[in-house]
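In: Provided below are the primary sequence and the corresponding predicted coordinates.
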Amino acid sequence: MGAMMGAMVEMPDCGIYRTTQAIGEEVPTGHLVFFHNHGDPGPGVYLPSGWAANRAVWDDTGHTIPSDEWVETLEPLLDEGFYRVVETFTCCDQRCRVYETDLFVQLGYDAEARALLFVPEWTDAGLALPELGLAVEEDRLALLAPLRVAEDDDEPVSNAIH
């Protein structure tokens, strides 16, 4: 049987995503990944190996996607980074935390790609990033506006707000 000619799948931008289909046992469903739309031997995903300053640090070894069509199963996520609250909201229906308009927050994710908000605070030593964030329902993320933050040029900018 000859090869079927199908429409070529356009690769999404490099960035962070949630998997909705596994890649074998190595990359589970419902997991935070960084997708690279290029590479050798081809496009692939990287799992977090840890976190630094509430941002994922990506594993050095990626996993090549099983097919071009598989990439269409990735669910895009907002970039990790700093945001401003544009309209007051609560974290969830239980109203555990209120985020007031114009509050400065940091968005991060856990390994299962759940959104976490961290609220930086002024201290005697300067601006401090808390180590613990509070889970927030994803529909609330539409009430955040990204902020531009200068970054050290020596560091990779794989998951930064541009």
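Out: Received the coordinates, thanks.
In: dump the residue contacts of the nearest residue to Gln21 once chain neighbours are set aside.
Out: Distance criterion Cβ to Cβ, 6 or more residues apart in numbering; nearest residue to Gln21, sequence neighbours excluded, is Thr73 at 4.4 Å. All C-beta atoms are positioned from the backbone trio N, CA, C, and that covers glycine. Taking Cβ atoms under 8 Å, 6 or more residues apart in numbering as the contact definition, Thr73 lies against Thr19, Thr20, Gln21.
In: give me phi/psi at Thr73?
Out: phi -90, psi -10 (degrees, to the nearest 10).
In: Glu151 too?
Out: Here is the backbone geometry of Glu151 (degrees, to the nearest 10): phi -130, psi 150.
In: so which residues make contact with the helix or strand hosting Leu117?
Out: Here Leu117 is covered by strand 115-118, with elements defined by DSSP states H and E. Under the contact criterion Cβ under 8 Å, 6+ apart, strand 115-118 has outside partners 54, 77-78, 91, 97, 99, 105-110, 129-130, 132-138, 141.
In: okay, now the sheet partners of that strand, with direction.
Out: strand 104-109 (antiparallel), strand 134-135 (antiparallel) (DSSP bridges).
In: and the shortest one, what's its mean pLDDT?
Out: Same thing as strand 134-135. Average pLDDT, strand 134-135: 95.
In: give the other helices and strands that the following helix or strand past that strand contacts.
Out: Going down the chain from strand 134-135, the next helix or strand is strand 144-146, by DSSP H and E. Taking 3 or more Cβ pairs under 8 Å, 6 or more residues apart in numbering; DSSP states H and E as the contact definition, the neighbouring helices and strands of strand 144-146 are strand 81-85.
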